[in-house]
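Engineer: sharing a model that was predicted from the sequence below.
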Amino acid sequence: MKRNDSLIKEKVYKYMLTGIMTTMALQLGNVVDAMIVGNLIGSIGNSAVSAALPYVYILQAAAILLATGGAVTVAVLLGRRDPGSADKVMGFCLLAGFAYTLLFLVLSPAVVPFFVRLTGAEGQLKEMISDIAYIYSFGMPIICFVIEMAYFMNVDNHPALSAKINIAANVVNLGFDLVLVKFTPLGIKGAALSTVMGYAIAGAVFIPHYAKSSDRVLKPVFKEFKEAGPMIVSSLRCGIPNLTNLIATVIGMAVMNAAVLHTLGSSYFSAYSVANNTLHIVQMFINGISSVIATVAGVLYGENDYFGVRAVFGRVMKAAFVSGGIIMAVFIAVPQFIAGMYGFDVPEVMPELLSGLRIFSLSFGFFILNTLSQDYYRTIGQTFLSTADCAMELLIIKVPLMICGMKMYGFNGLFGAIIFSELLTFIALNIIRAVMQKTGRISYKGFMAIPEGSGSSLDMTISGKDEDAADAAREIMEFCRKENVPDEKAMAVRFAVEEIAANIGKHGYDRTGKDHIDICLSKVGDNISLRFRDNGAAFDPVAYDPEDSGGYPGGLGILKKMPVKISYMRVLGLNNTVIDI
């Protein structure tokens, strides 16, 4: 009997769908937002939004660092069955995020004018950038809190609710965009205010549903952070790659905005802003697909389920390349449609913008490799690799190449340079990884950098049928004999397999043929650990009372009286039961 990824596949596609819906809501909000601004205010409106983005990203830095890093750490902690530490990590992240954004709110009268001067903008463009920056300064405490909650809800058995928050926030945002920009004198202020209102309303509607849910595991704790210090540090470390991504984006965007504006002029800067905005279309799908790594693979990594981690990464990569190929084909075939969506109205620059979009699309494959690498390495704790890839992709390699490309080949040289920067980044990442593995800084070989084999363990997937449980018990007994497990422990293992698997099969499923049970037996020294994972109805054997079987066979009561330790947690919508013998 062999292990398969049937259970994992089900969760990968479920979380992938909600991840795509979430990022689609986020990025589509940005895309449509830009369309509304471009068509109702003109190209100068999109230029103002692009120029203000570095400041907005600085405001979002806390949410990016704490939400992404905290969610990965919480996923791993849930995989290790340590909800107490997970609660403290969540509480710290929420509290620290609010403090950071509140500080910027207080300092905004001094910080905003300083940022606007750095952009070099004048006249109406300068006023628009200032308006956007002030409104986001006042609204970011709300936005940051809602974003963080959505990340934690996604990990905590509520991916659909997390997606609903982001979808609702952006639907409300776009609705207010149309009203405030078109029918009020607020103009660009209305576009920024709409975003704040969208997150405030979505959070007020959906976060209370999560708070009342009986399926949630996490309950944020806002004290005793010292006890969870190592885990908090781990969450900050896991968030560093995303923070690096943000910082590198801010610096790179500021440098490139100034370079394009001063070298090519305002018309080409408007075209460059359109091309930058089209990246949201790619991120809409790729980031959503890649988000599965941090959630599903994060929990599996915490459980030391390396077979599952590989299975998740393989399925994510296939889905990402299929999506990327489709998007690239659209960019190559109809770039004029892409440009038209943003209300671009500079005819003398249009031919170069269209060819630039086609060239830009050729970088999507390498972009996918770097995105997946960054999410994967931060999930398995190799934050240096993830951080280095972010810094090289967005700043160290990309910006110098783009400036050189622009100097040598003009506007289209910018996009040709992006192709080479993505490729060189991925090559450099793998060189750094290989060096770290050779020098012992990374213990395991290969791109995945995790154990190749499962060591002294036995992995299998069975159905809920009685005969499968019996076959699994016989195979486990054979494994115990080969590993010289004492007869008393071997019999306890066999009894546990027969009882737990039988209970899952008889009471956990509705006999639709979709029942799968993953069983892993591992031996480390004299310790024997038996793990069950199933997608049946929730059932906690730890809470089971032998005096009140409630229809469950009495064998489970006998098992609980044996010298074993049983732990249970429902994570990713799956029952996870571990028996230590």
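Structural biologist: Thanks, I have the structure now.
Engineer: so which elements touch the helix or strand where Gly239 lies?
Structural biologist: Using DSSP states H and E, Gly239 sits within helix 229-264. Counting contacts by 3 or more C-beta pairs under 8 Å, 6 or more residues apart in numbering; DSSP states H and E, helix 229-264 is packed against helix 43-59, helix 61-63, helix 69-79, helix 83-119, helix 266-292, helix 364-379, helix 383-391, helix 398-409. (C-beta placed from N, C-alpha, C; glycine too.)
Engineer: what about the helices in the stretch 451-581 of the chain?
Structural biologist: 466-482, 487-507, 555-560 (DSSP state H, counting those that start in this stretch).
Engineer: Serialize those to JSON lines and add fields for mean pLDDT, distance to Ala168 and mean neighbour count.
Structural biologist: Below are those laid out as JSON lines (pLDDT from 0 to 100; distance: least, C-beta to C-beta, whole Å; neighbours: other C-beta atoms under 10 Å):
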{"stretch": "helix 466-482", "mean pLDDT": "86", "distance to Ala168": "43", "mean neighbour count": "16"}
{"stretch": "helix 487-507", "mean pLDDT": "81", "distance to Ala168": "36", "mean neighbour count": "20"}
{"stretch": "helix 555-560", "mean pLDDT": "73", "distance to Ala168": "43", "mean neighbour count": "17"}
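Engineer: in a markdown table, list the ones you listed along with distance to Met436.
Structural biologist: Formatted as a markdown table, the helices of the stretch 451-581 of the chain follow (distance: least, C-beta to C-beta, whole Å):
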| stretch | distance to Met436 |
| --- | --- |
| helix 466-482 | 35 |
| helix 487-507 | 38 |
| helix 555-560 | 45 |
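Engineer: quick one: which of those is nearest Asn412?
Structural biologist: When these are compared by C-beta to C-beta, helix 487-507 sits nearest Asn412, at 59.6 Å.
Engineer: so what secondary structure elements neighbour that closest one?
Structural biologist: Helix 487-507 packs on helix 466-482, strand 517-524, strand 527-534, helix 555-560, strand 574-580, going by 3+ C-beta pairs under 8 Å, 6+ apart.
Engineer: which one of those lies nearest to Met90?
Structural biologist: Short answer: strand 574-580, nearest of the helices and strands packed on helix 487-507 by C-beta to C-beta, at 19.5 Å.
Engineer: look up how far Phe138 lies from Leu103.
Structural biologist: Leu103 sits 13 Å away from Phe138, going by C-beta to C-beta, to the nearest Å.
Engineer: swap that for Leu59, please
Structural biologist: Per C-beta to C-beta, Leu59 is found 10 Å from Phe138.
Engineer: on that earlier part again, give me the mean pLDDT for the helix holding Gly239.
Structural biologist: Over the span of helix 229-264, the pLDDT mean works out to 84.
Engineer: buried ones in it?
Structural biologist: Neighbour-count burial for helix 229-264, counted by 16 or more other C-beta atoms under 10 Å, picks out 231-232, 234-257, 259-261, 264.
Engineer: report the angle between that helix and helix 266-292.
Structural biologist: 160 degrees (axes from the mean of the first three to the mean of the last three C-alpha atoms, to 10 degrees).
Engineer: tell me what angle helix 229-264 forms with helix 69-79.
Structural biologist: 150 degrees.
Engineer: now do helix 229-264: distance to the chain's middle.
Structural biologist: 16 Å (C-alpha atoms, centre = their mean, to the nearest Å).
Engineer: then stretch 484-492?
Structural biologist: 42 Å.
Engineer: now Asn287. Nearest residue, chain neighbours left out?
Structural biologist: Thr23 (4.6 Å; C-beta to C-beta, 6 or more residues apart in numbering).
Engineer: picking that back up, with neighbour numbers in mind, choose between Leu59 and Phe138.
Structural biologist: Set side by side, Leu59 and Phe138 show more neighbours around Leu59, with 22 against 15, by other C-beta atoms under 10 Å.
Engineer: for Ala200, grab the count of nearby residues.
Structural biologist: 17.
Engineer: shouldn't it be in contact with Ile142?
Structural biologist: Yes. With contact defined as C-beta atoms under 8 Å, Ala200 counts as touching Ile142 (5.0 Å).
Engineer: picking up where we left off before, export the helices and strands packed on helix 487-507 to a markdown table and tack on distance to Lys489?
Structural biologist: Below are the helices and strands packed on helix 487-507 laid out as a markdown table (distance: least, C-beta to C-beta, whole Å):
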| stretch | distance to Lys489 |
| --- | --- |
| helix 466-482 | 7 |
| strand 517-524 | 10 |
| strand 527-534 | 6 |
| helix 555-560 | 14 |
| strand 574-580 | 11 |
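Engineer: which of these sits closest to Glu10?
Structural biologist: The closest of the helices and strands packed on helix 487-507 to Glu10 is strand 574-580. By C-beta to C-beta, the value is 9.0 Å.
Engineer: tell me what the closest one is packed against?
Structural biologist: helix 487-507, strand 527-534, strand 565-571.
Engineer: low pLDDT regions in this structure?
Structural biologist: 24-35, 453-455, 507-514, 544-555 (pLDDT under 70).
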